[in-house]
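Engineer: Got a sequence here, can you model it:
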Amino acid sequence: MGRLFGTDGARGVANQELTCEIAFKIGQAAAYVLTAECHRKPKILIGKDTRISCDMLEASLAAGLCSVGAQVVTLGIIPTPAVAYLTRKYDAEAGIMISASHNSAEYNGIKIFNSNGYKLNDDIEERIEAIVLDDAEKIDLPTGDDVGTVRKCETAIEDYTEFAKSVIDCNLDGMRIAIDCANGASYKTAAKVIAALGGEPFVIHNHPNGTNINLHCGSTHLKDICSYVKNAGVDIGLAFDGDADRLMVIDEEGNVIDGDKIMLICAEYLKNLGMLRKDTLVITVMSNLGLVLKAKELGINTVQTDVGDRYVLEEMLKSGYCLGGEASGHIIFLNHNTTGDGLVSALNILKILKLSGKKMSELAKIYDTMPQCIINAKVSNAKKKDYCKDKVILEEIENLEREFDGKGRILVRASGTEPCVRVMIEGENQDIITQKAQYLATIIEARLS
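Structural biologist: Residues are numbered from 1 along each chain as shown. Modelled structure (predicted):
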């Protein structure tokens, strides 16, 4: 992770950490770096979620892009994966999404996709960072007719929803489907696609006001959708995050099914059809050990990467795999899109549910989850990476590992998007691992706050 870009773009409190000045400079640097070999007036797309600060940052970004001669095409409120898809469809040099994903409304972020719809690699991000923060390269600014312009695209939602409908080859007739839009970008797309495919959508948290995105709702706050599913008599619940690149599923009894189980259900289905490339599923070190053990039993290989869907994608592209993702619900179906896409994930699981004739709770029995506890130790953003150099913290981790004696797993990592260190412990007894995770998190907070 760099000084400006984390595991999922640049992110911070809008107008304080992520300022208009920074957004303007990112626009300039991104246009300069990503369009250097372009032999026409470069086209760069901008999408946004429903945060109140998006308009402000969009204007700043667009100004920066135009100042380097780019033709800016604004897509309006739209999911992050739609920007990745439309960048390819519209033959643009780059696509930019303004969103802080699952974070609360005061945060915002800038994610950049290259012309092929992939998130930027580390080298390119570092070059952009150096220009923004260090004035490492001089950007010659055009004048006259060479200055960039801004125009609005009126067909972005329609083009993305038409793509989404093509993802599955069956209808959803007779299915009652609850949808939590997190008051975010999916409020214009998810129900529209599901209804068009014959499903009956029941939608909650689809009235964004600029400040209620992810507020007690969506894929990271599941209490409302779980309760709704139990009481509404629906077949399944779908919970998206603010920019709709991740998905969590709720079975008909109101139980949460995380990204790990969604991935393995889909992997087994694809393997049985001979469509799971190299019979391999790409996961991260945060995935549950139960998944790994069951996948092996099913004849499915698992490859683990660092946390972050960008690292999952890098491994998929490098080794030729088609399915991968994270327990948090970022799932990449590379046959369909170049980034995590909550709606694509939802449609795939809905197809499997429909064709299987089973209930979602039955599909979710694919493996037994090993007890796991994740605690976020809230620390100083500047110090969050120091845990791996702190002798006291390292000694406590070693003590716990000796105590578990191979019957548990401890993973400690700095968040790429938030001022915290995540402590994950897996083991045989939920009460014990919860107690140990809280203990370790308390020590980390005391040492790094």
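
Engineer: Pass me the low-pLDDT residue ranges in the stretch 201-350 of the chain, would you?
Structural biologist: Within the stretch 201-350 of the chain, no stretch falls below the threshold (pLDDT under 70).

Engineer: Spell out the residue ranges of the helices in the stretch 251-400 of the chain.
Structural biologist: Secondary structure of the stretch 251-400 of the chain (DSSP state H, counting those that start in this stretch): helices at 259-272, 289-297, 309-319, 342-356, 360-363, 391-404.

Engineer: Out of these, flag the one nearest Asn376.
Structural biologist: Closest approach to Asn376 among the helices of the stretch 251-400 of the chain (CB to CB): helix 391-404, 15.2 Å. All C-beta atoms are positioned from the backbone trio N, CA, C, and that covers glycine.

Engineer: Report the mean confidence score over the closest one.
Structural biologist: The predicted model assigns helix 391-404 a mean pLDDT of 93.

Engineer: Need the residues that contact it.
Structural biologist: Helix 391-404 is contacted by residues 387-388, 410, 412, 425, 427, 436, 439-440, 443-444, 447 when judged by CB atoms under 8 Å, 6 or more residues apart in numbering.

Engineer: quick revisit: dump the helices of the stretch 251-400 of the chain into TSV; add distance to Asp431 and mean neighbour count as well.
Structural biologist: Below are the helices of the stretch 251-400 of the chain laid out as TSV (distance: least, CB to CB, whole Å; neighbours: other CB atoms under 10 Å):
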stretch	distance to Asp431	mean neighbour count
helix 259-272	22	23
helix 289-297	18	17
helix 309-319	32	19
helix 342-356	32	23
helix 360-363	25	18
helix 391-404	14	14
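
Engineer: Relative to Leu141, which of the ones you listed is closest?
Structural biologist: helix 309-319 (30.9 Å).

Engineer: which other residues reach stretch 156-166?
Structural biologist: Outside stretch 156-166, the residues within contact range by CB under 8 Å, 6+ apart are 47, 75-76, 78-79, 82, 85-86, 89, 188-189, 192-193, 196-197, 343-344, 347.

Engineer: My error: substitute stretch 210-217 in the last question.
Structural biologist: 49-52, 102-105, 180, 182-184, 204-205, 220-221, 223-225, 241-242.

Engineer: how about the CA coordinates for that stretch, as CSV?
Structural biologist: What follows is stretch 210-217 as a C-alpha-only set of coordinates in CSV (Å, rounded to 0.1, in the frame of the first residue of the first chain):
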residue,chain,number,x,y,z
GLY,A,210,-26.5,11.8,0.7
THR,A,211,-25.7,11.0,4.3
ASN,A,212,-27.4,7.6,5.0
ILE,A,213,-25.3,5.4,2.7
ASN,A,214,-24.3,2.2,4.7
LEU,A,215,-26.0,3.7,7.8
HIS,A,216,-27.2,0.6,9.7
CYS,A,217,-27.8,-1.2,6.4
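
Engineer: So for it, what gets flagged as buried?
Structural biologist: Within stretch 210-217, the residues scored as buried using 16 or more other CB atoms under 10 Å are 212-215, 217.

Engineer: between those residues, which is nearest Phe333?
Structural biologist: Comparing the buried residues of stretch 210-217 against Phe333 with CB to CB places Asn214 closest, at 23.8 Å.

Engineer: what helix or strand is that closest one on?
Structural biologist: For Asn214, there is no enclosing helix or strand under DSSP states H and E.

Engineer: Would you mind giving the contacts of helix 391-404 as TSV with neighbour count, pLDDT and distance to Gln372 added?
Structural biologist: Below are those laid out as TSV (neighbours: other CB atoms under 10 Å; pLDDT from 0 to 100; distance: CB to CB, whole Å):
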residue	neighbour count	pLDDT	distance to Gln372
Tyr387	23	94	20
Cys388	12	90	21
Ile410	20	92	11
Val412	21	94	14
Ile425	26	94	7
Gly427	22	89	8
Lys436	23	94	12
Tyr439	15	95	16
Leu440	23	96	14
Ile443	19	96	20
Ile444	29	96	18
Arg447	18	94	24
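
Engineer: Distance to Lys294 and secondary structure added to those, as CSV?
Structural biologist: Formatted as CSV, the contacts of helix 391-404 follow (distance: CB to CB, whole Å; DSSP: H, G, I helix; E, B strand; the rest coil):
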residue, distance to Lys294, secondary structure
Tyr387, 31, helix
Cys388, 31, helix
Ile410, 22, strand
Val412, 25, strand
Ile425, 20, strand
Gly427, 18, coil
Lys436, 25, helix
Tyr439, 30, helix
Leu440, 28, helix
Ile443, 33, helix
Ile444, 31, helix
Arg447, 37, helix
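
Engineer: Would you format these as a markdown table with distance to Val282 included?
Structural biologist: Listed next are the contacts of helix 391-404 as a markdown table, based on distance: CB to CB, whole Å:
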| residue | distance to Val282 |
| --- | --- |
| Tyr387 | 26 |
| Cys388 | 24 |
| Ile410 | 22 |
| Val412 | 22 |
| Ile425 | 23 |
| Gly427 | 25 |
| Lys436 | 29 |
| Tyr439 | 32 |
| Leu440 | 28 |
| Ile443 | 33 |
| Ile444 | 29 |
| Arg447 | 33 |
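
Engineer: Can you tell me which of those is nearest Gly290?
Structural biologist: Nearest to Gly290, judged by CB to CB, of those is Gly427 at 12.1 Å.

Engineer: From Cys388, how far off is the residue lying closest to that closest one once chain neighbours are set aside?
Structural biologist: Ranked by CB to CB, 6 or more residues apart in numbering and with sequence neighbours excluded, the top spatial neighbour of Gly427 is Gly408, at 3.4 Å. Separation of Gly408 from Cys388 (CB to CB, to the nearest Å): 20 Å.

Engineer: Ala70 now?
Structural biologist: From Ala70 across to Cys388, the span is 40 Å (CB to CB).

Engineer: And Ile46, which helix or strand is it part of?
Structural biologist: Ile46 is part of strand 43-48, with elements assigned from DSSP H and E.

Engineer: Residues contacting that strand, please?
Structural biologist: The contact list for strand 43-48 (CB under 8 Å, 6+ apart) reads 30-31, 34-35, 54-55, 57-58, 61-62, 65, 70-80, 82-83, 86-87, 90-99, 153, 156, 185.

Engineer: Narrow those to just the buried residues.
Structural biologist: Of the contacts of strand 43-48, these count as buried by 16+ other CB under 10 Å: 30-31, 34-35, 54, 57-58, 61-62, 65, 70-80, 82-83, 86-87, 90, 92-99, 153, 156, 185.
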